[in-house]
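Chemist: just to be clear, the model below is a prediction. Sequence and coordinates:
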Amino acid sequence: MELFYLLCSILSAFFTSLVLSCLLPFRALLRCLCSSRSVGSSAATGEDPVSLYEGTVWHERRRPVHHSFRYAVRYALVDIDSAPNVLPDHLSGDEARRIAEPPGQCTG
């Protein structure tokens, strides 16, 4: 039964990642279409506030039983200080600094 749950979990993560990855180009297209309406600090410096990274995580356990696996990962890192559109239910860079009080620039 645990094998069934593991398989369902893997399939769920795979399809969720697949759907979200397919939606990324549409979001980028929408951002390009809407960027003419707002000029933020990232547009002035030429930097994109969103960076997309893709890689592979590899894990290996040698004891008590040798086991290893790999899986693909995708990360979207958002610079909240220069993001053009802040969602209403998310914190801005200033709000995050005010609540958490971290030193320096808050980027994530």
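Modeler: Thanks, I have the structure now. Numbers count the residues shown, from 1 in each chain.
Chemist: from now on I want contacts and neighbour counts done on CA atoms only, so please keep to that.
Modeler: OK.
Chemist: tell me where this protein has strands.
Modeler: Counting by DSSP state E, the chain has strands at residues 50-61, 67-78.
Chemist: the bottom helix or strand of the chain by mean pLDDT?
Modeler: When the helices and strands of the chain are scored by mean pLDDT, DSSP states H and E, helix 41-45 comes last with a mean of 47.
Chemist: hey, what's the residue nearest the centre of the chain bridged with?
Modeler: When Cα atoms, centre = their mean is applied to the chain, the residue found nearest the centroid is Ala76 (2.7 Å). On the basis of DSSP bridges, Ala76 is bridged to Leu52.
Chemist: before we move on, what about Ala72?
Modeler: Counting by DSSP bridges, the residues bridging with Ala72 are Thr56.
Chemist: what's around it, how many residues?
Modeler: 11 (other Cα atoms under 10 Å).
Chemist: was I right about it contacting His59?
Modeler: No. In this structure Ala72 lies outside contact range of His59 using Cα atoms under 8 Å: 11.8 Å.
Chemist: what ranges do the helices span in the protein?
Modeler: 2-34, 41-45, 93-100 (DSSP state H).
Chemist: contacting residues around His67?
Modeler: Glu60, Arg61 (Cα atoms under 8 Å, 6 or more residues apart in numbering).
Chemist: pLDDT score for it?
Modeler: pLDDT, His67: 91.
Chemist: now do Val86
Modeler: 66.
Chemist: and Ser17, how many residues sit next to it?
Modeler: Neighbours around Ser17, by other Cα under 10 Å: 15.
Chemist: low-confidence ranges, this protein, go.
Modeler: Counting by pLDDT under 70, the ranges of the chain that qualify are 34-46, 84-86, 101-108.
Chemist: for Val50, see how far away the nearest residue to Ser51 once chain neighbours are set aside is.
Modeler: Once flanking residues are discounted, Ser51 sits nearest to Leu77: 5.2 Å by Cα to Cα, 6 or more residues apart in numbering. Leu77 sits 6 Å away from Val50, taking Cα to Cα, to the nearest Å as the criterion.
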